[in-house]
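Undergrad: need a 3D model of the sequence below.
(one chain, ligands or ions: 3)
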Amino acid sequence: MSVPADAPILTSSAMRDAEAACAASGTSLSELMDRAGAAVADIAWRMAAGAPVLILCGPGNNGGDGYVAARLLRERGANVRVAALAPPTTDLAKAARAKWAGAVEPIDETLAPAPVAVDALFGVGLTRPLAAELAGRLRALAVRRVIAVDVPSGVDADGEHDWAPPLPAHVTVALGALKRAHVLLPAAQHCGRVLLAGIGIVCDATIRTLPRPPAPLPGVTSHKFSRGMMLVRAGPMPGAAALAAAAGLRAGAGYAVLSGADTAPLSAIIAEDGDHYPARLGDKRVGAVVIGPGYPAGMALDRDVASAIDSARPLVLDAAAIDAALPRLRGGGLTAILTPHEGEFVRAFPGAEGGKIDRALAAAAETGSVVIYKGADTVIAAPDGRVAAAWPGSPWLATAGTGDVLAGACGAMLSRGGDPFDAAVQAAAWHIARAAHIGPGLVADDLVGE
Ligand SMILES: NC(=O)C1=CN([C@@H]2O[C@H](COP(=O)(O)OP(=O)(O)OC[C@H]3O[C@@H](n4cnc5c(N)ncnc54)[C@H](O)[C@@H]3O)[C@@H](O)[C@H]2O)[C@@H](O)CC1
Ligand SMILES: Nc1ncnc2c1ncn2[C@@H]1O[C@H](COP(=O)(O)OP(=O)(O)O)[C@@H](O)[C@H]1O
Ligand SMILES: [K+]
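TA: Ligands and ions are numbered 1, 2, ... in the order given. Below is the predicted model of the structure:
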């Protein structure tokens, strides 16, 4: 599973607006359909490598893309068949159907499979789940490889409904822009490898897939404090804070202080008595304070979070520290990255509604903070509306302590100064890249190893 980096993600309605704008500026919708069909034909040609291809067409423009692809594949000499659910209903799809000179088979129990199927049944126009009978018939079709046009048919492109597609795709050709279904669970796991076909639609989307920013390199004139000094406040479980501090150094901070812990996993970390915490917060060189890892809710946490807020340092707030800071965050004026997992998010933002992107945006707006809403389909949202969707991440991260490592990496990126959204994106990209590099057997400590 993969998605292109830094790619735009649009809702169905934004996609239609972009399509209309494209048409208004001189590129006809039929030209867009031709480009979409050509992109699909190209991928099907390469994936089939001479094997027969079955194209399944729906009644709308998604089906229209399928008819175009069928014609182009046949022109190239491919062994291609078309089966349709119903006759085309849109003008564009009717025109595309008319140019397909071959037979159109019905999608019924007699339909013979093919090694490669192109799923052009429904795209962004799906308004309800597929009928159970159709879904059953598609599931029974023995195809080895499925190429989905725009989205696997049956999923809600906007990711608001959990409708399952009967034909999970090996490759999905996203048209013009990615849709939310490509990056949010449960739909994303049915999209396989997502390829973006740039069909000429111009969109300057603020919601995008995770970019792959290079790890920040030290400049020739850098010194340990200019690279970022971070302060990690340990609670009753100092191991988690120690992981965060070590992650901070590995992610590029020049200096890491671990407050309230006797020992640290790296000798380079300054582990010191918790009594120095107020004085450390007064050190102007501290570029970020990380608090929350291994620190359960209670008066001590409330006090330490309040001091960190009073210090006006940029903050990374994890776990119970998010709840402790919420009233002050809502007041505005703070620079913070919040790193809730699902349970912490629901507890802190019970009123957030919609899909995961909408909920993350609501939390960011409510707190004026950057929110990294963690999980297999991590979403990073800024109060100004920017979003980076980090699907598919690395499933090797599904192990204890990796969230502490992410908090530490955020501290490192934030401590250098600059935009907290960029810092959060860099930290998430670093976290995923490191996990993917280590792979099988990963434990959180490995992320902060050599
Ligand atoms: N966005 C773009 O710029 C472009 C979009 N194109 C294609 O157009 C697609 C969207 O086309 P449409 O808006 O025509 O929509 P679709 O082709 O996705 O489906 C709409 C049709 O399906 C029917 N329908 C909806 N839910 C159903 C259900 N559960 N069971 C049975 N029938 C159902 C509707 O009544 C309608 O006839 C995109 O996904 C893409 O593939 C391309 O042609 C090229 C350009
Ligand atoms: N299946 C998965 N695929 C990708 N990333 C995952 C998966 N499961 C967890 N993660 C990531 O691992 C980290 C776990 O953080 P968290 O739940 O806070 O764990 P902990 O509290 O043990 O440190 C998060 O960054 C999350 O996005
Ligand atoms: K489709």
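Undergrad: so what's the residue count around residue 220?
TA: For residue 220, the count of nearby residues is 5 (other Cβ atoms under 10 Å). All C-beta atoms are positioned from the backbone trio N, CA, C, and that covers glycine.
Undergrad: how much space between it and residue 57?
TA: 59 Å (Cβ to Cβ, to the nearest Å).
Undergrad: may I ask which helix or strand of this protein has the lowest mean pLDDT?
TA: helix 12-24 (a mean of 92; mean pLDDT, DSSP states H and E).
Undergrad: any buried residues in whichever helix or strand comes after that one, and which?
TA: Next along the chain after helix 12-24, taking DSSP states H and E as the criterion, comes helix 29-48. Within helix 29-48, the residues scored as buried using 16 or more other Cβ atoms under 10 Å are 29, 32-45, 47-48.
Undergrad: again with stretch 265-276
TA: Judged by neighbour count (16+ other Cβ under 10 Å), stretch 265-276 contains these buried residues: 265, 269, 270, 271, 272, 274.
Undergrad: got the CA coordinates for it in PDB?
TA: Taking Å, rounded to 0.1, in the frame of the first residue of the first chain, the C-alpha atoms of stretch 265-276 are listed here in PDB:
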ATOM      1  CA  PRO A 265      19.400   6.000  27.800                       C
ATOM      2  CA  LEU A 266      22.000   8.200  26.100                       C
ATOM      3  CA  SER A 267      24.900   9.800  27.900                       C
ATOM      4  CA  ALA A 268      24.400  12.900  25.800                       C
ATOM      5  CA  ILE A 269      21.100  13.600  27.500                       C
ATOM      6  CA  ILE A 270      21.300  15.900  30.500                       C
ATOM      7  CA  ALA A 271      19.200  14.000  33.200                       C
ATOM      8  CA  GLU A 272      18.600  16.200  36.200                       C
ATOM      9  CA  ASP A 273      16.600  16.500  39.300                       C
ATOM     10  CA  GLY A 274      13.000  17.700  38.900                       C
ATOM     11  CA  ASP A 275      13.600  20.600  41.300                       C
ATOM     12  CA  HIS A 276      15.400  22.400  38.500                       C
END
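Undergrad: what's in contact with it?
TA: By Cβ atoms under 8 Å, 6 or more residues apart in numbering, the residues outside stretch 265-276 that reach it are 233-234, 242-243, 245-246, 249, 255-264, 280, 445, 448.
Undergrad: just give the nearest non-adjacent residue to the spatially most central residue of the chain, would you?
TA: Central residue of the chain (Cα atoms, centre = their mean): residue 389, 2.4 Å from the mean position. Nearest non-adjacent residue to residue 389, counting by Cβ to Cβ, 6 or more residues apart in numbering: residue 183, 3.8 Å away.
Undergrad: contact residues of the chain facing ligand 1?
TA: With Cβ under 6 Å from any ligand atom as the criterion, the chain meets ligand 1 at residues 15, 19, 32-33, 36, 58-65, 89-90, 122-128, 130-131, 149-150, 175-176, 199, 201.
Undergrad: remind me what the least confident helix or strand of the chain packs against, helices and strands.
TA: If you count contacts as 3 or more Cβ pairs under 8 Å, 6 or more residues apart in numbering; DSSP states H and E, helix 12-24 packs onto helix 29-48.
Undergrad: centre of the chain to the helix or strand following the helix it packs on, how far?
TA: Downstream of helix 29-48, the first helix or strand assigned by DSSP H and E is strand 53-57. Distance of strand 53-57 from its chain centroid, counting by Cα atoms, centre = their mean, to the nearest Å, is 30 Å.
Undergrad: for strand 53-57, name the packing helices and strands.
TA: helix 61-75, strand 80-84, strand 116-120.
Undergrad: near residue 74, how many other residues are there?
TA: Neighbour number of residue 74 under other Cβ under 10 Å is 18.
Undergrad: ok, it - contacts?
TA: Going by Cβ under 8 Å, 6+ apart, residue 74 touches 80, 101, 102.
Undergrad: around residue 217, how many other residues sit close by?
TA: 9.
Undergrad: other SSEs contacting the host helix or strand of residue 343?
TA: According to DSSP H and E, residue 343 maps onto helix 342-348. The contact analysis (3+ Cβ pairs under 8 Å, 6+ apart) places helix 342-348 against helix 320-330, helix 356-367.
Undergrad: tell me which of the helices and strands packed on strand 53-57 sits nearest to residue 312.
TA: With Cβ to Cβ as the measure, helix 61-75 is the member of the helices and strands packed on strand 53-57 nearest residue 312 (52.5 Å).
Undergrad: can you pull the buried residues of the closest one?
TA: Buried residues in helix 61-75, counted by 16+ other Cβ under 10 Å: 61-74.
Undergrad: can you check stretch 385-402 too?
TA: Here stretch 385-402 shows 386-394, 396-397, 401-402 as buried, counting by 16+ other Cβ under 10 Å.
Undergrad: returning to that earlier point: mean pLDDT for the helices and strands packed on strand 53-57 - can I get that in JSON lines?
TA: JSON lines is the format used below for the helices and strands packed on strand 53-57 (pLDDT from 0 to 100):
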{"stretch": "helix 61-75", "mean pLDDT": "98"}
{"stretch": "strand 80-84", "mean pLDDT": "98"}
{"stretch": "strand 116-120", "mean pLDDT": "98"}
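Undergrad: hang on, the earlier thing: give me the pLDDT for the residue nearest to the centre of the chain.
TA: pLDDT, residue 389: 98.
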